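Participant: Starting from these lines, generate the structure:
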Amino acid sequence: MLDFKNRKMTLFKYKNTLFIALAISLTQISCGDYFEVTDNPSLVSNPSINGMLTTATHKAAMNSYNIAYAISNYCQYTASSTPGSATDNYEPTNTSSTWDVLYYSLSDLEDFITKSDQSSALHHKGIGQILMAYQLGLVADIWGAAPYTEAFGRVNTLQPKYDSEEDLYNSQLTLINEGLTNLAQTSTVVFAQNSDLIHQNNIARWVKTGNALKARLLNKISKKSSYNAANVLAAIDLSYQSNDDNANMNVFNGINPWANVARNNENLLLDGWLSENFINHLNGAKFGTEDPRIAKITEKTIEGNTYKGTRNGQGNIGSNTAKDECYISRKSPLTGDAVNLTIVSFAEIKMIEAEAALRSNNRDRAYQAYQKGVEAHFLLLGLTQTEVTNYLNRPYVNVGKENLTLKDIFREKYVITYLNPEAWNDLRRNDYDIKEFNLPLNAKLSTFIRRLDYPNSERTENGANVPTAVSLDSKLWWDKP
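Facilitator: Okay, the predicted model is just below:
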C-alpha cells in the first residue's frame, strides 16, 4: 500500500513532469491517500477544470485549518495537556507533513492555473491565482524563504532553489493583482454547479476576497518603511461589506476538523485544550469583566462552573477525564460539527482598516472600523445587538477615537482571529504586546517564537538549498524594520 502523504519525495512536491505521470498511475491502482478520492480530480488523466476548482477551494480551506492547528499553541489559543511539550516550549518540531500538504496544494494550483489559461477560463484562472497567493503566504509566514520560482516542474530539477522572503511576498502581491485583473475580464467558460466550495461561483465575492487578502498582505509590512496605509485602505474599500462576504468553506468528508479535535478530546485522545492565556483574555481575569463571547467559544468546567484554561508548558493540573478545564467545543458556532472554516472574515478586515486608518491618523475612520469589527464578530457568534452595545460601552473598550491605540485593536483582533493562521502574524507584528501574554512555562527560548524549523524531509532531500542556522526566535523579513 502506498501512502503518498507520508512519502518524503521531492518529485511529488515540485512536480517533475517525468515522474508525475508515474505517480498518477500508481495512485490510480493503489489505496494511498495522496489525494482524497472524493474531492481531487487529479486522480484522472484529464481532470475537468471545474473539478480542479473544487479541489482548489477545498484544499485552501483545509490548509487554513492545517496551519492554524500547527501554530495554535504559539498563539496560546490552545495548550498541551502534558507538561513540557515541544509545541508549548518552543522546541524544534518536524513539520514535514504540514509542508507537504501545502506543496501538494500549490502543485495542484499550478496545474489548475495552467489549464485555465489554456482554456481561456479567466475567472477560474483568477481564483487559482488568488488561492496560490494565499497558500504561498502560509508557507512564507511559517518558514520564511521557500521554493517557488523553480518549483512545480518550472525548472527541471528535484532540488529547487529557495526564493527569499521578500521575493515570496512580492510574488503573492503579483498573483493577487493578476488574479483580480482576470476576474475583471469576460470569461465564456462557465462554472459547474457546486464547483466552487468557497463563494459558490460568485465572482463579485471573489473580487472582494482578493482585495481582502491584498489588504491583509499590504498591512503585514507595517514595520517596513514601504508600508502604505492608503494602499491598505484602498484595497479594503473594494473588499467585504458584511459577514455575508466572508470566505468560508463548509463541505467536509465528515465533520469540521476543529469539531473532530473536540470529538477526539471527548474520547480521551487529549487534544484541543484551551490556553490559560486565551481563557483569561475572556473570563474577566485580565480585564475585570467577562466577555460574552466566551460562552460562544467554549464551555464551563464541571468543577466550579467557571472558565479555566491550561497554562502552556505546564500541562493540565486536573483530571484528564473530568471537564475541569476548557476545551474547543462542538457547541460553538466557530468549531461545531457543520460550521464553516473561515479563511478571512469581515470582522478581521474591519480591524485591518482600524489599524491602517490609525497609522494614517484618520482617527474617525479608525474608531468606526474598530467598533464595527467588534460588532461583526459578536453578530457572527449569534450574540445580540444589546450585548454588542453593552460590550462597546465598557471603559476599556469605549476609549474614544482620540485615545484609541494599536493595543486596543490588537486586543480585539486576537479574539476575532481565534484559530485562524493570521493570528500568529499579528502577534509577531505586534511583538506579542497583549496584556499578560507570558512565555510558556520552561520555554526553551528567552523570548517569543518567531518561525518554525524547516522540515526534516527538506533537509534530507534539498539540503543544499535549505537555509542553515535559522533560530526559532529570528524574525521574518516582514517582522523587521
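
Participant: isn't Asp291 right up against Tyr391?
Facilitator: Yes - shown here, Asp291 and Tyr391 form a contact pair, counting by Cβ atoms under 8 Å, at 7.2 Å. Every residue, glycine included, has its C-beta placed from N, CA and C.

Participant: Show me where the stretch 1-150 of the chain dips below the pLDDT cut-off.
Facilitator: Applying pLDDT under 70 to the stretch 1-150 of the chain flags residues 1-45.

Participant: same question, the stretch 201-350 of the chain
Facilitator: Counting by pLDDT under 70, the low-confidence segments of the stretch 201-350 of the chain come to 320-322.

Participant: The same query, at a cut-off of 50, please.
Facilitator: Flagging of the stretch 201-350 of the chain using pLDDT under 50 yields an empty set of residue ranges.

Participant: just the helices in it please.
Facilitator: Counting by DSSP state H, counting those that start in this stretch, one finds helices in the stretch 201-350 of the chain at the ranges 203-220, 229-237, 257-266, 276-282, 346-359.

Participant: Quickly compare the ones you listed and say which is most buried.
Facilitator: Between these, helix 346-359 has the highest mean count of neighbours, a mean of 25, where neighbours are mean count of other Cβ atoms under 10 Å.

Participant: Not counting its neighbours along the chain, what's nearest Ser360?
Facilitator: On the basis of Cβ to Cβ, 6 or more residues apart in numbering, the spatially nearest residue to Ser360 that is not a chain neighbour turns out to be Ala229, at 3.9 Å.

Participant: before we move on, the earlier item: could you dump the helices of the stretch 201-350 of the chain into CSV and include distance to Leu445?
Facilitator: Formatted as CSV, the entries for these read as follows, by distance: least, Cβ to Cβ, whole Å:
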stretch, distance to Leu445
helix 203-220, 23
helix 229-237, 31
helix 257-266, 26
helix 276-282, 17
helix 346-359, 27
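
Participant: Does Tyr227 touch Leu217 like I think?
Facilitator: No - when contacts are counted by Cβ under 8 Å, Tyr227 is not listed as touching Leu217 (11.5 Å).

Participant: How about the contacts made by Val374?
Facilitator: Going by Cβ atoms under 8 Å, 6 or more residues apart in numbering, Val374 touches 347, 388, 391-392, 397, 412.

Participant: Specify the angle between the helix or strand that contains it and helix 229-237 in degrees.
Facilitator: Of the helices and strands defined by DSSP states H and E, Val374 is found in helix 363-380. Angular relation of helix 363-380 and helix 229-237 on a 0 to 180 degree scale: 40 degrees, by axes from the mean of the first three to the mean of the last three Cα atoms, to 10 degrees.

Participant: Determine the angle, from 0 to 180 degrees, between helix 363-380 and helix 346-359.
Facilitator: Between helix 363-380 and helix 346-359, the angle formed by their directions is 160 degrees, by the same axes, to 10 degrees.

Participant: which of the residues in helix 363-380 are buried?
Facilitator: Residues of helix 363-380 classed as buried under the neighbour-count rule (16 or more other Cβ atoms under 10 Å) are 365-380.

Participant: circling back to that earlier point, can I get the contacts of Val374 in a markdown table with secondary structure and distance to Gly210?
Facilitator: Written out in a markdown table, the entries for those read as follows (DSSP: H, G, I helix; E, B strand; the rest coil; distance: Cβ to Cβ, whole Å):
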| residue | secondary structure | distance to Gly210 |
| --- | --- | --- |
| Ala347 | helix | 18 |
| Val388 | helix | 29 |
| Tyr391 | helix | 32 |
| Leu392 | helix | 31 |
| Val397 | coil | 32 |
| Glu412 | helix | 25 |
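
Participant: filter the residues you listed to the buried ones?
Facilitator: Neighbour-count burial within the contacts of Val374 applies to 347, 388, 391, 397, 412; the criterion is 16+ other Cβ under 10 Å.

Participant: List the contacts of the residue most central in space within the chain.
Facilitator: When the chain is reduced to its mean C-alpha position, the closest residue under Cα atoms, centre = their mean turns out to be Pro421, at 2.8 Å. With contacts taken as Cβ under 8 Å, 6+ apart, Pro421 has the following neighbours: 64, 67-68, 71, 138, 141.

Participant: and with 10 Å instead?
Facilitator: Pro421 sits next to 63-72, 75, 134, 137-138, 141-142, 343 when contact means Cβ atoms under 10 Å, 6 or more residues apart in numbering.

Participant: can you check Asn398 too?
Facilitator: With contacts taken as Cβ under 10 Å, 6+ apart, Asn398 has the following neighbours: 371, 391-392.

Participant: circling back to that earlier point, which one of the buried residues of helix 363-380 is nearest to Lys59?
Facilitator: The closest of those to Lys59 turns out to be Leu380 (Cβ to Cβ; 24.2 Å).

Participant: quick one: that closest one and Asn340, what's the gap?
Facilitator: 10 Å (Cβ to Cβ, to the nearest Å).

Participant: can you check Gln129 too?
Facilitator: For Gln129, the distance to Asn340 equals 23 Å [Cβ to Cβ].

Participant: So if I had to pick from those two, which one is more boxed in?
Facilitator: Comparing Gln129 with Asn340 by other Cβ atoms under 10 Å, the one with more neighbours is Gln129, at 25 against 18.

Participant: Thought Ser329 was touching Asn256, still the case?
Facilitator: No - Asn256 lies out of contact with Ser329 (Cβ atoms under 10 Å); the separation is 11.6 Å.

Participant: Which neighbours do the two have in common?
Facilitator: Here Asn256 and Ser329 share the contacting residues 262, 335-336, scored by Cβ under 10 Å, 6+ apart.

Participant: May I have stretch 311-319 as CSV, with CA atoms only?
Facilitator: Provided in CSV are the C-alpha atoms of stretch 311-319 (Å, rounded to 0.1, in the frame of the first residue of the first chain):
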residue,chain,number,x,y,z
ARG,A,311,-1.0,27.0,31.1
ASN,A,312,1.3,26.5,28.1
GLY,A,313,4.2,24.4,29.2
GLN,A,314,2.6,23.2,32.4
GLY,A,315,0.0,20.8,31.2
ASN,A,316,-3.3,20.2,32.8
ILE,A,317,-3.4,20.1,36.6
GLY,A,318,-6.7,18.4,37.0
SER,A,319,-8.1,15.1,35.7
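
Participant: residue ranges of the strands in the chain, please?
Facilitator: When assigned using DSSP state E, the strands of the chain occupy the ranges 247-249, 341-344.

Participant: which helices and strands sit right next to the longest one?
Facilitator: With contacts taken as 3 or more Cβ pairs under 10 Å, 6 or more residues apart in numbering; DSSP states H and E, strand 341-344 sits against helix 49-71, helix 122-143, helix 203-220, strand 247-249.

Participant: Show me what the first one is packed against.
Facilitator: Just to be clear, that refers to helix 49-71. Helix 49-71 makes packing contacts with helix 96-118, helix 122-143, strand 247-249, helix 257-266, strand 341-344, helix 422-429 when contacts are defined by 3+ Cβ pairs under 10 Å, 6+ apart.
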